[in-house]
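Engineer: with the sequence up front, the predicted model follows.
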Amino acid sequence: MRRKLFLVAALVVAAVAAMGAFAKSASDPGVTSRTVTLGGTFPLTGPASSYAPIPSGMAAYFSYANATRGPDHKRGAGGHQIIWKFYDDAYNPANTVQRTHQLVEQDHVFALVGGLGTEPQQAVRDYLNQQKVPQVFVSTGATTWGFDHAQYPYTFGWQPDYQAEGALYGRYIAKNDPNAKIGILYQHDDYGKDYVAGLYAGLGAKKDQVTISRSFEVTDASVLSQILDLKASGIDTFMIFATPSKTIATYATAAKVGWKPKNIYLNSVSGTQTFMAIAVKLAGAAEVDGTISAYYLKDPANPSWANDAGMQKYNAIMAKYLPTADPKNGLYLYGMAKAFDTVEALRNTGANLTRANFVHTLNNLNIKDNPFALPGVVTKTGKTKTGKIDAFPISQVHLIRFDGATQQWNPFGTTIDPRGK
Amino acid sequence: MANFIQHVVAGLSNGGIYATLALALVLIHRATGTVNFAQGEMGMFLTYVAWSLIYSAGITYWLAFTITLVIACLDGAAVHQVVIRPFERRPELTIVMVTIALLLILNGAAGWIWSPQEKFFESPFPLDVITVGGVVMNAQDLGVIGVSLACVLVVFLFFRFTRAGLMMRASAVGPATSKLLGIRVALMLSAGWGLAAMLSAVSGMMAAPVLVLTPNFMLIVLTYSFAAAVLGGIDSPWGAVAGAYLIGVGISLLSAYVHSVGPELQLPVALAVLVLVLLVRPAGLFGRVVARRV
Amino acid sequence: MTGRAVRGGTLLAALALAAFLPAGISHFHSFQFAFVGIYFIAIVGLNVVTGYSGQISLGHGAFMAIGAYTTAILSHDHGVSVYWTIPIAGIVAGLIGFAFGFPALRLSGVYLALATFGLAIAIVLIAKNYAFTGGGGGKSLTLPSSPISGLSTNVWLYYLVWGTALLMLLLAWLLLRGSLGRSFRMVRDAPIAAVSYGVSLARYKTIAFGIAAAYAGVAGALLAISIAYVNPDTFPISLSILLLTGAVLGGLGSLTGMVFGALFIEFVPLYAEKINNQAPTVIYGFILLAVLFAMPYGAAGLLHQLGGRVRQLRPKATKDPRSE
């Protein structure tokens, strides 16, 4: 009896599946002549919820794009109104997988855009590539997104990767301060280790300049013993590779033990103005002053951009679509910059908007006019001389230095390609 | 040596944060016979209240601190009256589940009201550094140690020398007898909850400048405080306080000098202490061994 | 009609519904119901330790993690077929649970809750710190795929999970209807009487803990297979809290009530999130409070009452600890 039921059930299922396959053949899911549906998962709650502004920033820019005629005189992305759906995954891969299935199988999105977190996005990478759904501009700087593009052709990173950033600091120190005595404090996970590996690579022959390297766990209540060790070692160049709240704690703890190393380098993820302002309040301006980091986007908290057209556009969009949010939070701008590149890529795909064509566009990106990026920063992919696809979309960064008195990051020098292309 | 003393001072500072919360846990355990899993979240929520007073209402720190303590006292008593008392005669499991429900509500509500983004919460103590014989000490650590010791002292004096304190102790130890003696037991137990809420608010406000204010920031403190309370004896206020300072200093020294333990395993070490003590001496170092129902 | 016949009929209807469900819902919903089945297996286990032997476990997610990692390591590093890893995961988690329960049996009520709370937090840190688990980056498994042509992967997962769930439910029923179940209930409700009858409290509490862990291990294995990925963030302390909440809502001591608990865990966040991102946690809390207050025997108890068969589901549970 049970067996028969099972057979019936299986037959019904097969029939439904066949009908589904039939209906699908006309065009790719998520695209109609008037709309394109995009989706993403983000930690709106839980341990990583400080990144929650990113999808809101993206939503604001998509709304703006939907209401504004682009260079092709069409509203939205090449005439398609963008429908943006994002869900909370609380940074838990089990949720990311379920929510991503929901976006693909129930909401029928055309592509996943901006999904946040290295591990959550790794958890859905196999599935999305199997389903041939583009996984675009993930919000993580792990090196794997660019390195493993050949294996995962539907997956694209966006921001400069952590290793490259670490290497950038290494090369900068090796060139400008070859006798530096270097100490490292890093988060004891893949994220922190990526930076450390990059730093060593960048230092090259100078890697023996690293005198001490200490790590911490995100759950540690304090980083004091690490700071005391670092202080006692007499280093003059201090590398901080941490997530925002531990970075703040690091500055505060260093100030508490009366230690101010000559040079401090800080990874870009933790360097947004919001976090730096907290660090200044907790540790004092003198402690944070002079910190060097790298960034590729404009800082909405820095008044020197007040007359910049891109920043004015940003502020206008914020005022219209997110009137209650704090526009000085750089994560909104990060979301907008990402949404800008997404709209450009969709528009450049042209009239025949299919997933395959979209991926082709993404493999040949060259976006030079992102109004939210620092001057000279381009979003570029394409074949390298060796014939492989360079899948690191944003490669240029500016070195920036923090001014404790005005609480601003100021770019210095020219754009640098940390991957040394 | 100077380094050693620095680690001890830092450990005492962390220990002070754990001590206030551990003391709160013990008060609740004595009053209600349960472990309040929501104790950390009560501290977290009240720290957000203080944050609103300072940054939205623009009140000075110590005034906001005082107002928060008053709110905390009322809040703790209200929680006892409204949420805990209806479950008074119910099994232990039910009351633990009630505190877990409270944990969920407070955690979600804080994110809802104040958004889960990191917030800056100031320390009332200056950033000044004091050097005593080569040992660099800072006003913030010393301030936290001072506040925690003051709290412990006030609680001690209150229970030892005031009539209200005596009645509260009586209500916790022998509710039936106390009732016969005309003590309003429920009110006394509510007062105990109020006092515990005040202590957790202090713990939260001391921890927030170090850990950065988010809805989850007290979970780590709660875990260490559990270990501290169990180590000292969950029925012994002084044991819990001593346990907290022991854990604070012990972890600080361990991560400084035993590199195989490393800073990555700080929390597992504290949890191992918790489990070991529970197995070897469930009453804790300073608790009385009570014959318990199997 | 006797009560037995009614119950038999209800059971058959439930089985038929479970068997046909994927035909009536979308593929994605089949996927969701597969997760309902995973939570169901986990809280059936939790029900053994909490509902039948009266111990509070806040560390059930830790045993799910052990099961999930067993599956991930065996299939990823040793090429074992994922299906074989399901019983192995159950056995591994069960043995570890037994070993943990062995000392833990000496802890009553609140103390065990504390110890298991510690375990749930520690397991995440331990998994992050050792190489064999893949550290924070975790381990990827091969994507699940249906071995039956014409059956979609999601529907296959549904049948895999619910088939296992049925087996596990049967096992639980067999275990709990006999002398073991009687002993468990005795340990829970009348520990002193149990001792005087010669029932070893320690032994039965340990067995209960081991059984519960084995169920969690099987659930963890199925979770790893379904999401094809395992890392420490998959098993936060909130998972353990959620599982206990689900078990209480379903009605501790009732096996069928666990279905409601599992449905709750899977679906409430999806709808609550529409109110506010933070709403699910708050709503969980309030529903839990309401259930504890108004229907102490959970959804299962409510069903019994609606059926006009108000009866003592279980004798008056543990006494007020202060009355001693």
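Structural biologist: Good, I have the coordinates. Residues are numbered from 1 along each chain as shown, chains lettered A, B, ... in the order given.

Engineer: low-confidence ranges in chain A?
Structural biologist: The model of chain A has pLDDT under 70 over residues A:1-26, A:219-221, A:418-421.

Engineer: quick one: the helices in it?
Structural biologist: Using DSSP state H, the helices assigned to chain A run over residues A:2-24, A:53-67, A:93-101, A:118-130, A:144-147, A:162-176, A:190-203, A:224-232, A:244-256, A:273-283, A:285-288, A:309-321, A:330-349, A:355-363.

Engineer: tabulate those helices (JSON lines), appending distance to chain C and mean neighbour count.
Structural biologist: C-beta: built from backbone N, CA, C; applies to glycine. As requested, those are exported to JSON lines (distance: least, CB to the nearest CB, whole Å; neighbours: other CB atoms under 10 Å in any protein chain shown):
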{"stretch": "helix A:2-24", "distance to chain C": "4", "mean neighbour count": "13"}
{"stretch": "helix A:53-67", "distance to chain C": "11", "mean neighbour count": "23"}
{"stretch": "helix A:93-101", "distance to chain C": "4", "mean neighbour count": "25"}
{"stretch": "helix A:118-130", "distance to chain C": "4", "mean neighbour count": "23"}
{"stretch": "helix A:144-147", "distance to chain C": "9", "mean neighbour count": "21"}
{"stretch": "helix A:162-176", "distance to chain C": "13", "mean neighbour count": "22"}
{"stretch": "helix A:190-203", "distance to chain C": "5", "mean neighbour count": "22"}
{"stretch": "helix A:224-232", "distance to chain C": "16", "mean neighbour count": "23"}
{"stretch": "helix A:244-256", "distance to chain C": "14", "mean neighbour count": "25"}
{"stretch": "helix A:273-283", "distance to chain C": "19", "mean neighbour count": "22"}
{"stretch": "helix A:285-288", "distance to chain C": "28", "mean neighbour count": "20"}
{"stretch": "helix A:309-321", "distance to chain C": "18", "mean neighbour count": "17"}
{"stretch": "helix A:330-349", "distance to chain C": "15", "mean neighbour count": "25"}
{"stretch": "helix A:355-363", "distance to chain C": "19", "mean neighbour count": "18"}
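
Engineer: elements contacting the helix or strand containing residue B:193?
Structural biologist: Using DSSP states H and E, the element containing residue B:193 is helix B:185-211. Secondary-structure packing of helix B:185-211 (3 or more CB pairs under 8 Å, 6 or more residues apart in numbering or on different chains; DSSP states H and E): helix A:244-256, helix B:2-32, helix B:39-51, helix B:61-79, helix B:139-161, helix B:163-173, helix B:175-180, helix B:218-232.

Engineer: circling back to that earlier point, residue A:82 is nearest to which of the helices of chain A?
Structural biologist: Evaluated with CB to CB, the helices of chain A place helix A:53-67 nearest to residue A:82, the distance being 4.4 Å.

Engineer: what sits up against that closest one?
Structural biologist: A:38, A:40, A:42, A:44, A:75-77, A:81-82, A:84, A:86, A:113-114, A:116, A:139, A:317-318, A:320-322, A:325, A:329, A:331-336, A:338-340, A:342-343, B:117 (CB atoms under 8 Å, 6 or more residues apart in numbering or on different chains).

Engineer: swap in 6 Å and give it another go.
Structural biologist: A:42, A:76, A:81-82, A:84, A:86, A:114, A:317, A:321-322, A:329, A:331-332, A:334-336, A:339, A:343 (CB atoms under 6 Å, 6 or more residues apart in numbering or on different chains).

Engineer: same question for the top helix by length along chain C, mean pLDDT?
Structural biologist: In chain C, taking DSSP H as the definition, the longest helix is helix C:201-227. Per-residue pLDDT over helix C:201-227 has a mean of 89.

Engineer: go on, stretch C:129-143?
Structural biologist: 78.

Engineer: can you give the distance from it to the centre of its chain?
Structural biologist: 24 Å (CA atoms, centre = their mean, to the nearest Å).

Engineer: who in the stretch 101-250 of chain B is up against chain C?
Structural biologist: B:101, B:104-105, B:107-109, B:111-112, B:223, B:226 (CB under 6 Å from any CB of the partner chain).

Engineer: need these in JSON lines (columns: pLDDT and secondary structure).
Structural biologist: Output for those, formatted as JSON lines (pLDDT from 0 to 100; DSSP: H, G, I helix; E, B strand; the rest coil):
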{"residue": "B:101", "pLDDT": "93", "secondary structure": "helix"}
{"residue": "B:104", "pLDDT": "92", "secondary structure": "helix"}
{"residue": "B:105", "pLDDT": "94", "secondary structure": "helix"}
{"residue": "B:107", "pLDDT": "92", "secondary structure": "helix"}
{"residue": "B:108", "pLDDT": "90", "secondary structure": "helix"}
{"residue": "B:109", "pLDDT": "93", "secondary structure": "helix"}
{"residue": "B:111", "pLDDT": "89", "secondary structure": "helix"}
{"residue": "B:112", "pLDDT": "89", "secondary structure": "helix"}
{"residue": "B:223", "pLDDT": "89", "secondary structure": "helix"}
{"residue": "B:226", "pLDDT": "90", "secondary structure": "helix"}
